[in-house]
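Undergrad: got a predicted model here, sequence first, then my questions.
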Protein chains: 2
Amino acid sequence: MPMTTRTVDFWFEFGSTYSYPAAMRLAPLAKAGSIAVRWRPFMLGPIFSDQGWDTSPFNLYPAKGRNMWRDLERICLALNLPFTRPNPFPQNTLHAARVALIGLAESWGEDYCRAIYCAEFGEGRSVENEETIANVLQDLRQDARAVLQRARSDEIKAQLRAQTEEARKLDIFGSPSFVTADGELFWGNDRLEAALNWAGR
Amino acid sequence: MPMTTRTVDFWFEFGSTYSYPAAMRLAPLAKAGSIAVRWRPFMLGPIFSDQGWDTSPFNLYPAKGRNMWRDLERICLALNLPFTRPNPFPQNTLHAARVALIGLAESWGEDYCRAIYCAEFGEGRSVENEETIANVLQDLRQDARAVLQRARSDEIKAQLRAQTEEARKLDIFGSPSFVTADGELFWGNDRLEAALNWAGR
């Protein structure tokens, strides 16, 4: 998809809590505003590492973490989204993200991404686990074994590394982030509407 | 003012950037929802210090800081609020907060708080500076010299320390924070509406 002015890049990491409601809200809001969205998975770990963090800031700063879980619970309740706090948190989402790259180049990527978020934060399942990913792929009528094998290829690994590098160059420091065609960066589920409004001006 | 169920405590630190639009938006929204608000200044420094921070996280994490300044600029533009990035940032707001305690026990506290935020983030002035505080007090027809002298009293110093300790006990970790009568904590300018809705249920 070419980047027209009415396009928003949605940068997301599957381990990110607030990216769950953002991923679930995105498509209908974008459609209503006639905004095209490109889904761009990336890895937050290397970017957090640049900031001196070896885990989620919600674990590093416990008061902030306690507030986030309660806030997310309230947000999901208001959106009528199921919510279960996953354990462990954060999860290693490397494999889930590589599979997303394959799906997003085909037709099932966005459904896959939403299903991964629902499994992780709606049902509290581990998406580190290949079995969870395989279940999601089967529900989407994909050949789970073939997709998971391709996700381990050098090509896909390099693609995810390059995309993470691109996120870093865009000054992205958290997930979800939204970047408009004119380079405006918006961070957070609570900035989704502002990003779409900006793109639609 | 007694804490009824339709009351929200607004916890704020004058050095906090997003507290500026929150302070400016608060009164009309609370009035529309028939919610009483108690303004509770506190010092974020000791709380940040617990988290291992010796300055604002927006300085410690530069990408986050760059995004915040641009985001705040966009927010102020949308609200038609003047915005000037203050230098230095953050500012030492100890004296401004002590004066706020005096004003909030009298009739001019909320106007004073809004005026301090406007001076700092609307005009980019230093509110560390007693002259700025004196100017604000004069505009409010207060005896600046007497108020500033009282702000240095042991009574007011102890009151601000106690209020900061209360914030810490409430698990407050940032500004602005909103706490409802039933103990629900909301953090951030973007959670103001949610806090008022909660209080008005």
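TA: Now that the structure is in, tell me what you want to look at. Numbers count the residues shown, from 1 in each chain, chains lettered A, B, ... in the order given.
Undergrad: let me see the mean pLDDT of stretch A:92-109.
TA: Across stretch A:92-109, pLDDT averages out at 97.
Undergrad: tell me which residues of it are tucked away?
TA: Buried residues in stretch A:92-109, counted by 16 or more other Cβ atoms under 10 Å in any protein chain shown: A:92-104, A:108-109. Backbone N, C-alpha and C define where each C-beta goes, glycine included.
Undergrad: among these, which two are most distant?
TA: A:N92 and A:W108 (22.6 Å; Cβ to Cβ).
Undergrad: and the residue nearest the centre of chain A?
TA: Centrality entry for chain A: nearest residue to the mean C-alpha point is A:F12, 3.1 Å, by Cα atoms, centre = their mean.
Undergrad: need the contact list for the nearest residue to A:D171 once chain neighbours are set aside.
TA: Nearest non-adjacent residue to A:D171, counting by Cβ to Cβ, 6 or more residues apart in numbering or on different chains: B:A63, 5.0 Å away. Applying Cβ atoms under 8 Å, 6 or more residues apart in numbering or on different chains to B:A63 gives the contacts A:Q51, A:D171, A:I172, A:F173.
Undergrad: chain B contacts on chain A?
TA: A:51, A:61, A:63-64, A:66-67, A:70-71, A:74, A:171-174, A:184-188, A:190-191, A:194 (Cβ under 8 Å from any Cβ of the partner chain).
Undergrad: tell me which of those fall in strands.
TA: Secondary structure defined by DSSP state E assigns A:L185, A:F186, A:W187 of the residues of chain A next to chain B to strands.
Undergrad: in chain A, which spans are helices?
TA: For chain A, the helices defined by DSSP state H cover A:19-32, A:45-50, A:57-60, A:62-79, A:94-105, A:109-117, A:130-139, A:144-151, A:154-169, A:192-199.
Undergrad: of all the ones you listed, which lies closest to B:S153?
TA: Closest among these, using Cβ to Cβ: helix A:62-79, at 31.1 Å.
Undergrad: now the closest one, how far from the centre of its chain.
TA: Helix A:62-79 sits 18 Å away from the centroid of its parent chain (Cα atoms, centre = their mean, to the nearest Å).
Undergrad: before we move on, what about stretch A:44-55?
TA: With Cα atoms, centre = their mean, you get 17 Å for stretch A:44-55.
Undergrad: contacts for that stretch?
TA: By Cβ under 8 Å, 6+ apart, the list of residues contacting stretch A:44-55 reads A:13, A:15-16, A:56-57, A:60, A:90, A:164, A:167-168, A:172-175, B:61, B:63.
Undergrad: mind listing what's buried in that stretch?
TA: A:L44, A:G45, A:I47, A:F48, A:W53.
Undergrad: now do stretch A:118-127
TA: Quick answer for stretch A:118-127 (16+ other Cβ under 10 Å): A:C118, A:A119, A:E120, A:F121, A:G122, A:R125, A:S126, A:V127.
Undergrad: what about A:I172, distance to A:T5?
TA: 20 Å (Cβ to Cβ, to the nearest Å).
Undergrad: who has more neighbours, the two?
TA: Using other Cβ atoms under 10 Å in any protein chain shown as the criterion, A:I172 and A:T5 rank with A:I172 on top: 25 against 12.
Undergrad: now do the contacts for the more buried one.
TA: A:W11, A:F42, A:I47, A:V179, A:L185, A:W187, B:A63.
Undergrad: can you give me the pLDDT of the second one?
TA: Which is A:F42. Value for A:F42, per-residue pLDDT: 98.
Undergrad: I'd guessed it sits against A:A162; true?
TA: No: counting by Cβ atoms under 8 Å, A:F42 stays clear of A:A162, with 9.7 Å between them.
Undergrad: so the two - more neighbours on which side?
TA: Higher neighbour count among A:F42 and A:A162: A:F42, with 25 against 11, using other Cβ under 10 Å.
Undergrad: what's near enough to touch that one?
TA: Counted by Cβ under 8 Å, 6+ apart, A:F42 has contacts A:W11, A:F12, A:E13, A:A97, A:L160, A:Q163, A:T164, A:E166, A:A167, A:I172, A:S175.
Undergrad: with adjacent residues omitted, what lies nearest to the fourth one?
TA: With sequence-adjacent residues excluded and distances taken as Cβ to Cβ, 6+ apart, A:A97 is closest to A:P41, at 4.4 Å.
Undergrad: beta partners of the one you found?
TA: A:F12 (DSSP bridges).
Undergrad: roughly how far does it sit from A:R66?
TA: 28 Å.
Undergrad: who has more neighbours out of the two?
TA: A:P41 (28 against 14).
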